[in-house]
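Visitor: have a look; sequence and predicted model below, questions after that.
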Amino acid sequence: MMLKRIFLILLQVLAIYIVTFMLLHLIPGDPIQVMLGESASLADQNKLRMQLGLDKSIYLQLSSSLVKVFQGDFGVSILNHKPVLEQLINAGRNTYILAGASLLIALSCGLMGGIISAKFHNSAVDKIIMSISIFFISIPHFFLGPLLILFFSIWLGWFPVNGMGSFSSIVLPAFTLALGLIAIIVKLTRNCMLELIDSDIVRTARAKGLSEWAVLINHVFRLVLIPIISVLGMQFGSLLSGAVITETIFSWNGIGMLLVDSIQTRDYPITQACIFVIALSYVVVNILTDFIYKVADPRMRTSKIA
């Protein structure tokens, strides 16, 4: 049942939050020393530690943190004393804009490339498209980002190197995230279309006198969308994890960059909140994917999703 799956996934998110909390407090590093400096007196360190509640046992800190999270309160930043929720909303908006732009680019380019590749199967066009797809799948974000900056920003001067100063600032980070997903969608679209091209439904459409392009778009393409929906749901987690690296490279003020900064400064509340939001986003997207999949595929409406 869907409700059972939602409950189990929410338990997983809770477990991720608890494990993250424990690991952050067990790894070496003291946020008090980061804030005051190593030269601060022990009395000043203990006073600030008491003010922030870091003098309590780790279990009391965890229970207090869980109660606040269930109330929608993520606390305040250890470093800047601003509400974590306020920073999350600002950063989350930027991350979801970037992720949305990447998904739009990946879907439009991936579907188009897959259809063209299937239409011209075994031709030079097909081989070129598939070679490019394999190339982009094999390149990690931390290498692709600087490569795009070098070519399109430094050499050609078409786009800004980093920052969020203009609309064009989103182009390079969006393509950095999207190119790997484009390649996956191209390969999936091509393979699915080649499998369906000789199916009964396609032969019937051809017998009615429809053109080859009409058959591909009106009949084959609709069936291809079903597995693509599943892939997008599974790849969303990779998109968010890639955003951590991409946002850092392009100085894009999103959750990924906020997470990296908070880890470096041992800002526990922000780190925990960022990981919680990323995990929750992944859960919500997968639930939506299951729902859309059931709507798109009538065969799933009467079956249970495990």
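Guide: Right, received. Where do you want to start? Computed from a prediction, not measured in an experiment: that's the story for all the values here.
Visitor: okay, buried residues for stretch 77-89 please.
Guide: Neighbour counts over stretch 77-89 (16 or more other Cβ atoms under 10 Å) mark Ser77, Ile78, Leu79, Val84, Leu85, Gln87, Leu88 as buried. Any C-beta I mention is one placed from the backbone N, CA and C, and that applies to glycine too.
Visitor: contacts only, for Phe136.
Guide: Counting by Cβ atoms under 8 Å, 6 or more residues apart in numbering, Phe136 makes contact with Leu144, Leu179, Gly180, Ile182, Ala183.
Visitor: how does it look with 7 Å?
Guide: Leu179, Gly180, Ile182, Ala183 (Cβ atoms under 7 Å, 6 or more residues apart in numbering).
Visitor: next one, pLDDT for it please.
Guide: You'll see Phe136 listed with a pLDDT of 86.
Visitor: same question for Gly29.
Guide: Looking at Gly29, its pLDDT stands at 67.
Visitor: repeat for Leu52
Guide: As predicted, Leu52 sits at a pLDDT of 67.
Visitor: about what we covered before: how about the contacts of Phe136 in TSV, adding neighbour count?
Guide: Formatted as TSV, the contacts of Phe136 follow (neighbours: other Cβ atoms under 10 Å):
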residue	neighbour count
Leu179	23
Gly180	23
Ile182	26
Ala183	24
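Visitor: ranges for the helices of the stretch 1-150 of the chain?
Guide: Taking DSSP state H, counting those that start in this stretch as the criterion, the stretch 1-150 of the chain carries its helices at 2-26, 31-36, 42-51, 58-70, 84-119, 124-137, 141-148.
Visitor: what does stretch 53-63 rub up against?
Guide: Residues from elsewhere that reach stretch 53-63 (Cβ under 7 Å, 6+ apart): Ile18, Phe21, His25, Ile32, Arg49.
Visitor: distance between the ends of it?
Guide: 12 Å (Cα to Cα, to the nearest Å).
Visitor: likewise for stretch 118-131?
Guide: Across stretch 118-131, the terminal residues are separated by 14 Å (Cα to Cα).
Visitor: spatially nearest residue to the residue sitting nearest the centre point of the chain (excluding sequence neighbours)?
Guide: Centroid check for the chain by Cα atoms, centre = their mean gives Leu240 as the closest residue, at 2.1 Å. Excluding its sequence neighbours, the residue lying closest to Leu240 (Cβ to Cβ, 6 or more residues apart in numbering) is Ile278, at 5.3 Å.
Visitor: how close does the residue nearest to the centre of the chain sit to Gly92?
Guide: 11 Å (Cβ to Cβ, to the nearest Å).
Visitor: any chance of the contacts of stretch 53-63 in CSV, plus pLDDT and distance to Thr246?
Guide: Output for the contacts of stretch 53-63, formatted as CSV (pLDDT from 0 to 100; distance: Cβ to Cβ, whole Å):
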residue, pLDDT, distance to Thr246
Ile18, 86, 28
Phe21, 82, 26
His25, 74, 28
Ile32, 70, 32
Arg49, 71, 35
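Visitor: closest one to Gly233 out of the buried residues of stretch 77-89, please.
Guide: Gly233 lies nearest to Leu88 out of these, by Cβ to Cβ, at 23.1 Å.
Visitor: distance-wise, check Phe175 relative to Ile97.
Guide: Taking Cβ to Cβ, one finds Phe175 at 14 Å from Ile97.
Visitor: who's more crowded, these two?
Guide: Shown here are Phe175 and Ile97; by other Cβ atoms under 10 Å, Phe175 has more neighbours (21 against 15).
Visitor: list the contacts of that one.
Guide: Phe175 makes contacts with Ile105, Leu148, as judged by Cβ under 7 Å, 6+ apart.
Visitor: separation between it and Ile287?
Guide: Counting by Cβ to Cβ, the gap from Phe175 to Ile287 is 28 Å.
Visitor: next: Thr271.
Guide: Distance of Thr271 to Ile287, given as Cβ to Cβ: 25 Å.
Visitor: ok, these two, which is more surrounded?
Guide: A side-by-side neighbour count of Thr271 and Ile287, using other Cβ under 10 Å, places Thr271 first with 24 against 16.
Visitor: ok, the more buried one touching Thr265?
Guide: No: Thr271 lies out of contact with Thr265 (Cβ atoms under 7 Å); the separation is 9.2 Å.
Visitor: coming back round to it: would you mark the buried spots in the host helix or strand of the residue nearest to Leu240?
Guide: Using DSSP states H and E, Ile278 sits within helix 268-296. Neighbour-count burial for helix 268-296 flags 268-279, 281-283, 285-287, 289-290, 292-294 (criterion: 16+ other Cβ under 10 Å).
Visitor: could you check how far Tyr268 is from Gly100?
Guide: From Tyr268 across to Gly100, the span is 29 Å (Cβ to Cβ).
Visitor: quick one: pLDDT of Arg206?
Guide: As predicted, Arg206 sits at a pLDDT of 72.
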